[in-house]
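>>> Return atomic coordinates for the entry below.
(chains A, B, C and D)
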Protein chains: 2
Amino acid sequence: MADLPTSPDRSPRSVGFLLSQLGFVTSGRFSDALEPVGLSPREWSLLRFVAAAKGQSQQALAEQLGIPPSRMVALVDALEERGMLERRPDPGDRRVRALHLTPEGRRALARAAKVAVEVESRLCSVLDEAEREQLIDLLQKIQAEQVDRPGVHPGIARDHPARGRAE
Amino acid sequence: MADLPTSPDRSPRSVGFLLSQLGFVTSGRFSDALEPVGLSPREWSLLRFVAAAKGQSQQALAEQLGIPPSRMVALVDALEERGMLERRPDPGDRRVRALHLTPEGRRALARAAKVAVEVESRLCSVLDEAEREQLIDLLQKIQAEQVDRPGVHPGIARDHPARGRAE
DNA sequence: TATTGTTATACTCTATAACTATA
DNA sequence: TATAGTTATAGAGTATAACAATA
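Have a look, this model is predicted:
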């Protein structure tokens, strides 16, 4: 079996390498850009899901996102302390905490959306609009076949702390 | 400023999200596929660099890869224990350890190359060859502008242990 | 006095599993 | 007896900085 071709700069000409490398760079950029908003990428992810389906229990959300319930606690704690998320009692079952966005959480989400547009714009500055559309189409084709839950970034649920981040 | 469009499955139609998500998935796949070879992605990265420039000192390599010298020690230790890498004394400077591949290291590298081809093939199974070339061209265009050292996967040098992996 | 490689240490993030309160 | 949420704990991986040998 032939090796993947490699450029003189030692960057393999491979979709896998490029995705892994650019994905890493992009995640870092987004994380940095989100800092002024006061959110980590993971917190942003959680807020998006709460916004999309208000009133779900912590564990229902944890299940959807694929993270253990114990981690959910700290995640929600942090957002509640900053007034972005609210735990409300469930009248039907007093064990359950239903999660809701606060106005502050909604504002943070709006600011994060701006940040996402800015990161996207910088990332794609070298492409014209047709190329960007083309690129998204190709990536979505891969996503449709290779990713179980397209709306969920698997980084939110990673179970191996330091796994697979290097090539 | 307009938000990024989002599909019904809540996956944003954005290059940034797709790169981050697919990059994460790809890294995990590669990491898993490499396991039978007995290498972590990071170790593979290091071996590639040693192979490309034999006899460099640990710290010269660490500099190139952007990792602290102290981490280099454990990394080289592990590869040396498995007989893939060799520390040789430098005749000119007795402080220096020059790094060389062993035959076993070369074999591991060859096996890893096969694995990379397999992962690539599975990842791109939904694309025809023209689409794959087109995708690589678009990604390399971004890479050229957004990545400092195209041959170095930044994951090998990450300084924030749990940073930015989620969306 | 500076540099190479090494070791020691403290810190962060994580999953597991015990625990409580409700059901 | 089972389930939602919480807390306690131990493990992995990391950077920083002190260290020994050599320059």
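
>>> Chain A: helices as residue ranges?
A:15-34, A:41-52, A:58-65, A:69-81, A:103-123, A:129-146 (DSSP state H).

>>> Does the first one reach DNA strand D?
Right, the one you point to is helix A:15-34. No. Shown here: helix A:15-34 not in contact with DNA strand D (Cβ under 7 Å from any atom of the strand), separated by at least 12.9 Å. For every residue, glycine as well, the C-beta is placed using N, CA and C.

>>> touching chain B at all, that helix?
Yes. Legend: contact between helix A:15-34 and chain B by Cβ under 8 Å from any Cβ of the partner chain is shown at A:15-32.

>>> what's A:Gly66 sitting at in phi/psi?
phi 80, psi 30 (degrees, to the nearest 10).

>>> Surely it touches A:Pro154?
Yes. Counting by Cβ atoms under 8 Å, A:Pro154 is a contact partner of A:Gly66 at 7.5 Å.

>>> higher neighbour count, those two?
A:Pro154 (22 against 14; other Cβ atoms under 10 Å in any protein chain shown).

>>> Check the gap between that one and chain B for me.
A:Pro154 is 5 Å from chain B, where distance means Cβ to the nearest Cβ, to the nearest Å.

>>> quick one, what contacts that residue?
Applying Cβ atoms under 8 Å, 6 or more residues apart in numbering or on different chains, we find A:Pro154 in contact with A:Gly66, A:Val147, B:Gln21, B:Phe24, B:Val25, B:Gly28.

>>> who in chain A is up against DNA strand C?
A:67-71, A:74, A:93-95, A:157-159, A:161.

>>> hmm, which two among those residues are most spread apart?
Within the residues of chain A next to DNA strand C, A:Arg94 and A:Pro161 form the most distant pair, 35.0 Å apart (Cβ to Cβ).

>>> follow-up on the earlier one: format the contacts of A:Pro154 as JSON lines; extra columns: pLDDT.
JSON lines is the format used below for the contacts of A:Pro154 (pLDDT from 0 to 100):
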{"residue": "A:Gly66", "pLDDT": "94"}
{"residue": "A:Val147", "pLDDT": "96"}
{"residue": "B:Gln21", "pLDDT": "97"}
{"residue": "B:Phe24", "pLDDT": "96"}
{"residue": "B:Val25", "pLDDT": "96"}
{"residue": "B:Gly28", "pLDDT": "95"}
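
>>> now for the longest strand out of those in chain A, which elements pack on it?
Ranked by residue count under DSSP state E, the longest strand found in chain A is strand A:93-101. With contacts defined as 3 or more Cβ pairs under 8 Å, 6 or more residues apart in numbering or on different chains; DSSP states H and E, strand A:93-101 has these neighbours: helix A:41-52, helix A:58-65, strand A:85-90.

>>> related to what we said a few turns ago, filter the residues of chain A next to DNA strand C to the buried ones?
A:Ile67, A:Ala157, A:Arg158 (16 or more other Cβ atoms under 10 Å in any protein chain shown).
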